[in-house]
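*Asks:* Based on what follows, work out the 3D shape:
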Amino acid sequence: MSPESDGADDAQDVLYRLVDQETGEILLAAEDLRGYFTEEDPEPPETVTFVRAHQVDRGRRKAEHAELQVVDRQGREIGTYVIGRASAVFRYEPGSSGADRPDLDYSFGYACEYPRAGEIWRKWATGRPVERGEWARCPSDWHESWLHVVQTAWFAAGRRATRYGTDATAVVNGTGITTRDGFSCALGEAVNGPGGYFGSNLDAVHDCLRTMRGDGAAPFRLLWRNFAASRESLGGDFTDVLLTVLEEGGVETELSSE
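*Replies:* The predicted structure follows:
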């Protein structure tokens, strides 16, 4: 941290840090972020706003290789976004009080097209363990963003696209699955526990199975309950290809009507 920084870092309040990848320096830390997690838009916002900044390095107004870190209340990194070039578009005049918490704009050049991700990251940052089936209690239009957070957090923690769970049978209940992203959430949870990842699409499931075999991980059996409900929601073409991928990956699948 530069000696010309303003504002103390209260880790329990900070959710985002903008960091220079090359030096590890923190350009600023903030409690929230506006304009980054957005709906798909051919013309993304020109700037993002760091809300209630806690650290501002007045000596650094840009970085060519910046990353956005999501951190929990203990200041531990739980997610990372490679930003590339980031530049300040504000004129910061620090207040006389150490409690000064300005909202500051930066130019990133692109946005993250998962509009609910920011709200989900806030839930995950509390440190409360993710509950089984928590994703399913969200509206269906959150599933894509939930899966994105799962995948981002999974790899930020240094995990690989493979199986870490030890249960011989992974159970997926098709009753609550209404979207393909929701199925990926359910499969990841069934194989690797709450908040677990096991592919975000058909190709990624294939990759996970291939890595699992390469790691020598024990094979598992998949019990797919209420399969008919899943097939209706997800489409026959999707479920047929998925079953083929699982079979080729050595997964024994039982399709249940209950």
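*Asks:* ranges for the helices of the stretch 1-150 of the chain?
*Replies:* 117-125, 143-156 (DSSP state H, counting those that start in this stretch).
*Asks:* Tell me the buried residues in stretch 222-231?
*Replies:* L222, L223, W224, R225, N226, F227, A229, S230, R231 (16 or more other C-beta atoms under 10 Å). No exception for glycine: its C-beta is placed from N, CA and C like everyone else's.
*Asks:* so how far is it off the chain centroid?
*Replies:* With C-alpha atoms, centre = their mean, to the nearest Å as the basis, stretch 222-231 stands 26 Å off its chain's centre.
*Asks:* neighbouring contacts of it?
*Replies:* 169-175, 177, 183, 190, 239, 246, 251-258 (C-beta atoms under 8 Å, 6 or more residues apart in numbering).
*Asks:* so how far is the first residue of that stretch from its last?
*Replies:* 16 Å (C-alpha to C-alpha, to the nearest Å).
*Asks:* buried stuff in stretch 238-247?
*Replies:* For stretch 238-247, by 16+ other C-beta under 10 Å, it's F238, T239, L242, L243, V245, L246.
*Asks:* I should have written stretch 196-209 there, sorry.
*Replies:* Going by 16+ other C-beta under 10 Å, stretch 196-209 has these buried residues: G196, Y197, F198, G199, S200, V205, H206, D207, C208, L209.
*Asks:* what's the first-to-last distance across it?
*Replies:* 15 Å.
*Asks:* Grab the nearest non-local neighbour of the most centrally placed residue in the chain.
*Replies:* Most central in the chain under C-alpha atoms, centre = their mean is V149, positioned 1.7 Å from the mean C-alpha point. Spatially, and ignoring its direct neighbours in sequence, V149 is nearest to I120 (4.6 Å; C-beta to C-beta, 6 or more residues apart in numbering).
*Asks:* got any ranges where the stretch 151-258 of the chain has weak pLDDT?
*Replies:* Applying pLDDT under 70 to the stretch 151-258 of the chain flags no residue at all.
*Asks:* Give me the contact list for the helix or strand hosting C185.
*Replies:* Using DSSP states H and E, C185 sits within helix 180-192. Helix 180-192 is touched from outside by 132-133, 135-136, 140, 143-144, 146-147, 150, 163-165, 170-173, 176-177, 195-201, 204-205, 220, 222, 230, 234, 238, with contacts defined as C-beta under 8 Å, 6+ apart.
*Asks:* if you set the cut-off to 6 Å instead, what comes out?
*Replies:* Contact partners of helix 180-192, identified using C-beta atoms under 6 Å, 6 or more residues apart in numbering, comprise 135, 143-144, 146-147, 163-165, 170-172, 177, 196-198, 200, 234.
*Asks:* ok, of these, which come out buried?
*Replies:* 135, 143-144, 146-147, 163-165, 170, 172, 177, 196-198, 200, 234.
*Asks:* can you pull out the strands in the stretch 51-200 of the chain?
*Replies:* 62-71, 77-88, 104-107, 169-173 (DSSP state E, counting those that start in this stretch).
*Asks:* elements contacting the second one?
*Replies:* In this structure, strand 77-88 makes packing contacts with strand 62-71, strand 104-107, helix 143-156, judged by 3 or more C-beta pairs under 6 Å, 6 or more residues apart in numbering; DSSP states H and E.
*Asks:* ok and the longest one relative to strand 77-88, angle-wise?
*Replies:* Read that as helix 143-156. 100 degrees (axes from the mean of the first three to the mean of the last three C-alpha atoms, to 10 degrees).
*Asks:* Show me what helix 143-156 is packed up against.
*Replies:* strand 77-88, helix 117-125, helix 180-192.
*Asks:* The shortest one: how far from the chain's middle?
*Replies:* The gap between the average C-alpha position of helix 117-125 and the chain average comes to 9 Å, counting by C-alpha atoms, centre = their mean.
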